[in-house]
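K.L.:
3D model of this:
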Amino acid sequence: CVGSRYLKRSTTFVHHCRKFSTDGSQFSGIGRLNHVAIACSDLSAAASMYRDVLKGKVSKAVDLPEHGVTTVFVELGNTKIELLHPLGDKSPIQGYLDKNPSGGLHHICLKVKDLSAAVKQLKDNKKRVLGEPRIGAHGLPVIFVHPKDMGGVLVELEEEGVEKV
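P.N.:
Residues are numbered from 1 along each chain as shown. Below is the predicted model:
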């Protein structure tokens, strides 16, 4: 599912694994914190620190070539930490690591009930949405919002649904 293209048919984007509405319904606000993403220059060392030192439940590394990243998730019970490492020449994480060689906080991810309504709300309030909705690491639609419009924090919004990872 991750990275597949959408086909637009009337007011619904169709994805072979999932549909999400673009009916312009009222935005109901943000939900829970899904994860905090950390860019890592050494993914295996970071995963080891969370697994071996902090005794966290750490996933296997998963390559997401369409996003230019390799991800590892650390389960925390009430949320997750996403460890990010560059994958490929056009990885957005490589640019971050070039400026911050030791890594650091990359973005936060918040849940929303209706991603399309959230995008409309953001655009109506002159917030820069980066690109078009696409399927994220959990197999659900996501969008990013420019950090200059969000208090200096890159924010990812993820539509609620059953996570595939």
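
K.L.:
now the helices: where do they sit in the chain?
P.N.:
Taking DSSP state H to define them, one finds helices in the chain at 43-48, 92-99, 115-124.

K.L.:
where are the low-confidence patches of this protein?
P.N.:
1-25, 165 (pLDDT under 70).

K.L.:
What degree of burial does I38 show, as a neighbour count?
P.N.:
I38 has 19 neighbouring residues, counting by other C-beta atoms under 10 Å. Glycine gets a C-beta too; all of them are placed from N, C-alpha and C.

K.L.:
Who are the contact partners of it?
P.N.:
46, 81-84, 103-106 (C-beta atoms under 8 Å, 6 or more residues apart in numbering).

K.L.:
let's see 7 Å
P.N.:
Counting by C-beta atoms under 7 Å, 6 or more residues apart in numbering, I38 touches 81, 83-84, 103-106.

K.L.:
need those residues in JSON lines with distance to I38 and neighbour count, can you?
P.N.:
Putting those into JSON lines (distance: C-beta to C-beta, whole Å; neighbours: other C-beta atoms under 10 Å) gives the following:
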{"residue": "I81", "distance to I38": "6", "neighbour count": "18"}
{"residue": "L83", "distance to I38": "6", "neighbour count": "26"}
{"residue": "L84", "distance to I38": "7", "neighbour count": "27"}
{"residue": "G103", "distance to I38": "6", "neighbour count": "19"}
{"residue": "G104", "distance to I38": "7", "neighbour count": "13"}
{"residue": "L105", "distance to I38": "6", "neighbour count": "13"}
{"residue": "H106", "distance to I38": "6", "neighbour count": "22"}
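
K.L.:
Tell me the one of these nearest K120?
P.N.:
Nearest to K120 among the contacts of I38: H106, at 25.7 Å, using C-beta to C-beta.

K.L.:
Can you get me a residue count around the closest residue to V142 other than its chain neighbours?
P.N.:
Using C-beta to C-beta, 6 or more residues apart in numbering and skipping the chain neighbours, the partner closest in space to V142 is G136 (3.6 Å). A total of 26 residues lie near G136 under the criterion other C-beta under 10 Å.

K.L.:
give me phi/psi at G136?
P.N.:
phi -90, psi -170 (degrees, to the nearest 10).

K.L.:
I'd like the contacts of I38 laid out as TSV, including distance to A61.
P.N.:
Shown next, in TSV, are the contacts of I38 (distance: C-beta to C-beta, whole Å):
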residue	distance to A61
I81	14
L83	9
L84	11
G103	15
G104	19
L105	20
H106	16
